[in-house]
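In: predicted model and sequence follow; I will ask about them next.
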Amino acid sequence: MDTRFLGIADLVGIPSVAVVVDVMRAYTVAAWAIAQGAEKIVLAGSLDEALALKARHPDWVALKDGPPAPGFDLLNSPGLLRSVDLGGRTIVQKTTAGTVGALAVKEAPLVLCAGFVVAEATARLLRTCESDSVTFVVTGEDGRADEDLACAQYIAQRVADPGTDAAGFLRRAAGSRAAAELAEGVRQGVHPDDVALCLEVDRFPFAMVATLEGSLMVLRPHTMGNAPI
Ligand SMILES: O=C(O)[C@H](CS(=O)(=O)O)OP(=O)(O)O
Ligand SMILES: [Mg+2]
């Protein structure tokens, strides 16, 4: 498998398979939202779009990163989300890096969104689709965020070797700037458990597949019991 690790701005053309990685925190949060019962996650391109979607669908749940803001129901924090019942709900998520990365590859035939919490399920799906080439979109810090790069490299290695040891990759993620900023209160909308929750390998058994549904990019869980991709 030919693998590339690119920042959002470095993407050229439409990849055949894209894995969009945001460990801290968008796709850890998305996985928790699904685990808490959400039916799907609509990835919004802007705060205004998220609010417009919520206005059109008052039962949808709007989620943003950073501090709370009028019209938004939830923040981009796994620690804050894990006690919320989202049974059957649709989430509209807008974040600084993660959601932007998925929208940048929305034309790709297969888009997976990932963090450590869905590493093996993501690797398994990549193994079964047997693509020659996979582009990992490293969403943070213009492609240099070490938590995202470490997770992307871990998943890529795990595709080839399911026994890959996570320890070194997790150490890099734990030492990343994002982890420090979350721990030190530089970032807003944070729960004290967020970093630890972002570093749980294989917390969830599903991968997350984003597809265009009309004009919306929609993220849904995928387990091996689902129809083949
Ligand atoms: O919520 C997050 O951790 C970040 C926002 S920022 O980098 O703190 O501004 O968003 P994400 O898109 O999940 O990286
Ligand atoms: Mg991030």
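Out: Perfect, I can see it now. Ligands and ions are numbered 1, 2, ... in the order given.

In: Phe5 bridge partners, please.
Out: In this structure, Phe5 bridges to Phe136 when assessed by DSSP bridges.

In: ok, it to Ala196 distance?
Out: 25 Å (Cβ to Cβ, to the nearest Å). C-beta coordinates here come from the backbone N, C-alpha and C atoms, glycine included.

In: those two: who's more crowded?
Out: Neighbour count, other Cβ atoms under 10 Å: between Phe5 and Ala196, Phe5 has more, with 18 against 14.

In: max-length helix in the protein?
Out: Taking DSSP state H as the criterion, the chain has its longest helix at helix 146-160.

In: for that one, packing partners?
Out: strand 2-6, strand 17-21, helix 119-129, strand 133-138, helix 167-174, helix 177-183 (3 or more Cβ pairs under 8 Å, 6 or more residues apart in numbering; DSSP states H and E).

In: for the protein, which residues are neighbours of ligand 2?
Out: The chain has residues Asp22, Met24, Ala97, Gly140 near ligand 2, with proximity defined as Cβ under 5 Å from the ion.

In: list the residues that contact the residue lying closest to the first one once chain neighbours are set aside.
Out: Counting by Cβ to Cβ, 6 or more residues apart in numbering, the nearest residue to Asp22 once its immediate chain neighbours are dropped is Gly98, at 3.2 Å. Remark: with contacts taken as Cβ atoms under 8 Å, 6 or more residues apart in numbering, Gly98 is in contact with Val20, Asp22, Arg25, Ala26, Tyr27, Ala30, Cys113, Thr139.
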